[in-house]
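the sequence and its predicted three-dimensional model are supplied below.
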Amino acid sequence: MTLLSVEGLTRRFGGLVAVNDVSFTVSEGEILSVIGPNGAGKSTLFKLIGSFLPPSAGRVLFEGAVVSGLKPNQVARKGIVRTFQETTVFKEMTALQNVVVAHQLGVTASPLGTFFSSAAARADERRFRDSAAEILDYLGLGHVKDVEARNLPHGYLRALGIAIALAARPRLLLLDEPFAGMNPEETDRAVAMVEGIRKRGVTVLLVEHDMRAVMRISDRIVVISFGSKIAEGSPEAVRADPAVVEAYLGKDDETIGH
């Protein structure tokens, strides 16, 4: 089943075309990666899919319904949730508190009830704490749930950003460079984490520069260069594509993902 359809997506900034007529689909249960050199338009593409930017042309459909033009919070309520390159956390809060706060889309109490700590508000809080603890345990962060975010190592901070996104119960999770800045051990742990997220029934679309991680984790790969899609296919097909080697890594590099 096709979960996400990107149709002719284009974004212009004045005379600059950051994303140029890009089309692809993401199937339910898939891990699809978008790769390309710096400045290729990958992050702009993510912003378009999440409605953080309006398209100049084209559209995005989620479960067959057009979501282009909706506000980011409306898109999130439909099930498309993204993380960011710079993990947005409350550094003075613990890991658990950060994930509890991220459950805001699930609030059932009224604003007044929340202010006066009504029975519904207290039930929300208990439910959010239980859910946050379960998410952290699942991602291997249970042992640092009471540690303030500012004291977490880089790899754990990135994982906490994913935990925060999972609190919104996404159908489609957009991961923006989840392996950036990680050492090999942290990358291995993060790859296993993303594979585990898929097992929870969450479809994953990610932008990433770590080619070895991409080749290990992806079902399919979309390659963009200068805002345009230049290739799409399995990791094996993309690795062997001369246009991808030239555009992404240079003509003489024959070690993509090995």
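Right, received. Where do you want to start?

every contact and neighbour count from this point should use C-alpha atoms.
Noted.

for this structure, longest helix please?
Determined from DSSP state H, the single longest helix within the chain is helix 119-138.

which residues sit against the helix or strand following that one?
Using DSSP states H and E, the next helix or strand after helix 119-138 towards the C-terminus is helix 154-166. Under the criterion C-alpha atoms under 8 Å, 6 or more residues apart in numbering, residues 81-84, 87-89, 95, 98-99, 102, 135-136, 139, 141, 149, 173, 175, 178-179, 181-182, 186, 190 lie in contact with helix 154-166.

ok, now stretch 217-225?
For stretch 217-225, using C-alpha under 8 Å, 6+ apart, the contacting residues are 24, 30-37, 40-42, 191, 195, 229-235, 238, 244, 247-248.

can you give me the strands for the stretch 151-258 of the chain?
With DSSP state E, counting those that start in this stretch as the criterion, the stretch 151-258 of the chain has strands at 172-176, 203-207, 220-225, 228-233.

and His258, what pLDDT?
Predicted confidence (pLDDT) for His258: 53.

again with Asp252
pLDDT at Asp252 comes out at 42.

to Ala18, which of the strands of the stretch 151-258 of the chain lies closest?
With C-alpha to C-alpha as the measure, strand 228-233 is the member of those nearest Ala18 (8.6 Å).

neighbouring strands - and their directions - for the closest one?
Applying DSSP bridges, strand 228-233 is found paired with strand 220-225 (antiparallel).

got the domain ranges for this structure?
Listed by automatic domain parsing, the domain ranges of the chain are 1-76+203-258, 80-169.

same list (the strands of the stretch 151-258 of the chain) but as a markdown table, adding mean pLDDT and distance to Thr10.
Below are these laid out as a markdown table (pLDDT from 0 to 100; distance: least, C-alpha to C-alpha, whole Å):
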| stretch | mean pLDDT | distance to Thr10 |
| --- | --- | --- |
| strand 172-176 | 94 | 19 |
| strand 203-207 | 96 | 18 |
| strand 220-225 | 95 | 13 |
| strand 228-233 | 96 | 9 |
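
can you redo these as JSON lines with mean neighbour count and distance to Phe62?
Below are these laid out as JSON lines (neighbours: other C-alpha atoms under 10 Å; distance: least, C-alpha to C-alpha, whole Å):
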{"stretch": "strand 172-176", "mean neighbour count": "25", "distance to Phe62": "9"}
{"stretch": "strand 203-207", "mean neighbour count": "24", "distance to Phe62": "12"}
{"stretch": "strand 220-225", "mean neighbour count": "23", "distance to Phe62": "18"}
{"stretch": "strand 228-233", "mean neighbour count": "18", "distance to Phe62": "20"}
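
now render the ones you listed as a markdown table, adding distance to Leu48.
Output for those, formatted as a markdown table (distance: least, C-alpha to C-alpha, whole Å):
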| stretch | distance to Leu48 |
| --- | --- |
| strand 172-176 | 12 |
| strand 203-207 | 13 |
| strand 220-225 | 15 |
| strand 228-233 | 14 |
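
for Gly8, find the nearest of the ones you listed.
strand 228-233 (10.2 Å).

what does the closest one rub up against?
Residues outside strand 228-233 that contact it (C-alpha under 8 Å, 6+ apart): 19-23, 40, 220-224, 238, 241, 243-244.

off-centre distance for it?
In this view, strand 228-233 has its centroid 20 Å away from the chain centroid, taken as C-alpha atoms, centre = their mean, to the nearest Å.

could you find the closest non-adjacent residue to Met182?
Of all residues not flanking Met182 in the chain, Gly155 sits nearest, at 6.1 Å (C-alpha to C-alpha, 6 or more residues apart in numbering).

low pLDDT regions in the stretch 1-150 of the chain?
84-87, 105-118, 120-121 (pLDDT under 70).
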